[in-house]
Structures are given as C-alpha cells and as structure tokens.
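Student: Here is my input; please provide its structure:
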Amino acid sequence: QLQLVESGGGLVQPGESLKLSCRPSGFSLEFYAIGWFRQAPGKEREGVACISSTGGLTLYADSVKDRFAISRDNAQNTVWLQMSDLKPEDTAVYYCAKQGYSCRDQGYEYGGRGTQVTVSS
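Tutor: Numbers count the residues shown, from 1 in each chain. I've put the predicted structure just below:
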C-alpha cells in the first residue's frame with residue numbers, strides 16, 4: 001500500500017521544540033511536493049507547510065511562519081518538519097501527504113495515520 005508514515009510527535013511544554021519525520025512506504029517521494037497538515041479536535045484539517053520536489057520552494061501557514069521549518073532529503077527519501085516555540089494551539093494530529101507536483105497543487109494523497117503533537121504545561 002502506498003502511504004506516507006509520520007513519526008516524531010509527543011508531549012511537550014510551551015516554548016519547546018519537536019521534529020517530525022515523514023517517510024514513504026512503497027514509493028519514492030522524489031518527484032512530489034510534500035505538505036504537512038494538522039487537524040485539531042473539532043476543527044478542519046489545515047495545511048501547515050509545503051516543500052517543492054527539489055526543496056527550492058517552501059510555503060507556510062501564517063500561524064506557523066518563523067516557528068516551523070520544512071525540509072527534505074530526497075536521497076534519504078524523507079521530509080521533516082522542525083517545530084520550534086510550540087504553543088498550545090499547535091496541539092493536533094500532524095499528517096504528511098503528497099500535495100502534487102507543485103505546492104500550488106491542492107492534493108492530499110498517500111496521507112498516513114498521523115502523529116500526535118500535544119503542547120501543554
């Protein structure tokens with residue numbers, strides 16, 4: 001089954017950091033723009049960040065700009081989301097997915113089960 005697998009979530013205090021990883025199962029993500037998304041309880045899924053296939057373009061939601069950094073290494077077939085200065089409102093299940101061939105695409109394919117991030121004192 002083609003899927004992306006997220007890992008790295010956990011429980012942290014406000015102001016702390018976490019680094020999430022996204023790895024594919026059964027395919028290479030080399031040619032795809034990959035997005036990180038999150039969904040908090042009772043809320044709709046929202047896009048957090050996107051990285052182009054080469055890593056040359058990154059886009060962020062306003063709510064995480066300057067705190068989160070998305071990166072990738074196609075040789076390692078991995079995309080990361082470095083999250084810093086975490087806030088309680090960042091609490092959500094985080095998912096990665098193939099957004100398309102460009103960050104302008106609005107797709108959501110091969111999303112996995114997600115990884116829980118909880119920010120609480």
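
Student: Could you look up the SS state of the residue nearest in space to the middle of the chain?
Tutor: Against the mean C-alpha coordinate of the chain, by CA atoms, centre = their mean, the closest residue is Trp36 at 2.6 Å. Recorded secondary structure, Trp36: strand (DSSP: H, G, I helix; E, B strand; the rest coil).

Student: ok, now which ones touch it?
Tutor: Contact partners of Trp36, counting by CB atoms under 8 Å, 6 or more residues apart in numbering, are 20, 22, 47-50, 70, 79, 81, 94-96. (Glycine included, C-beta is placed from N, CA and C.)

Student: rerun at 10 Å
Tutor: Residues in contact with Trp36 (CB atoms under 10 Å, 6 or more residues apart in numbering) are 6, 20, 22, 47-51, 60-61, 64, 68, 70, 79-81, 83, 94-97, 99.

Student: Tell me which of those residues fall in helices.
Tutor: Using DSSP state H, no member of the contacts of Trp36 falls within helices.

Student: Inside strands: which ones of the residues you listed?
Tutor: 6, 20, 22, 47-51, 60, 68, 70, 79-81, 83, 94-97, 99 (DSSP state E).
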